[in-house]
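*Asks:* coords please:
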Amino acid sequence: MTKWADYIISQATFGKNNRVENLKQHLDNGTNIGLGEIVPRSTVIANIKKGKSYVTAFNGLSNMKKGQVIRVHGFDNDFFLRIDKNKVGLDYLGPIPEIS
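*Replies:* As a prediction, this is how the structure comes out:
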C-alpha cells in the first residue's frame, strides 16, 4: 500500500449545522493502516496547522478507498474542515459515514 497521508479519516460525528464534532483517525504508516481512534475536531485542526496531512477514506478498513485531502481554513474567527477549497463557515467532508 502506498502512503496516502499521515492520517486517514474514515468516520465522523456531526452536530448543529453539520459541524464536525469528532472524527475517527487512522495512522497511515505506508504499509498498513491503524485501527483508529476517536479524536475531537480540535486535534485534527491543530495537526493540520502543524503540517500533518489528512485524507478521507471509504468502504471500511478491509477495502478502504482513498477520498479527498482535508484542509483547514479560518472564517469568521473560527476554523473549518473541508475537502474542497470553498472558504465558508461550514465543515464539509463529503459523504463520510457517521461514527456508530
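*Asks:* Now residue 99, what are its backbone angles?
*Replies:* Main-chain dihedrals, residue 99, degrees, to the nearest 10: phi -70, psi 130.
*Asks:* same thing with residue 73?
*Replies:* According to degrees, to the nearest 10, residue 73 has phi -140, psi 150.
*Asks:* Chain neighbours aside, what residue packs nearest to it?
*Replies:* Closest residue to residue 73 apart from its sequence neighbours, by CB to CB, 6 or more residues apart in numbering: residue 87 at 5.4 Å. C-beta here means a position set from N, CA and C on the backbone, and glycine is covered the same way.
*Asks:* Per-residue pLDDT of that neighbour, please?
*Replies:* You'll see residue 87 listed with a pLDDT of 91.
*Asks:* now the helices for this protein?
*Replies:* Taking DSSP state H as the test, the helices found in the chain are 41-49.
*Asks:* Sketch out the low-pLDDT regions of it for me.
*Replies:* Along the chain, segments meeting pLDDT under 70 span 1, 61.
*Asks:* switch the cut-off to 90
*Replies:* Scanning the chain for pLDDT under 90 picks out the ranges 1-2, 17-18, 29-35, 58-64, 76, 100.
*Asks:* and the nearest residue to residue 76 once chain neighbours are set aside, what is it in contact with?
*Replies:* Excluding the flanking residues, the one nearest residue 76 by CB to CB, 6+ apart is residue 89, at 5.2 Å. Applying CB atoms under 8 Å, 6 or more residues apart in numbering to residue 89 gives the contacts 75-76, 78, 80.
*Asks:* Can you give me the neighbour number for the residue lying closest to residue 68 once chain neighbours are set aside?
*Replies:* The spatial neighbour of residue 68 that comes closest, neighbours along the chain excluded (CB to CB, 6+ apart), is residue 83 at 3.8 Å. Residues within reach of residue 83, counting by other CB atoms under 10 Å, total 19.
*Asks:* ok, the residue nearest to residue 73 touching residue 71?
*Replies:* No. Contact criterion CB atoms under 8 Å: residue 87 and residue 71 do not qualify, at 9.9 Å.
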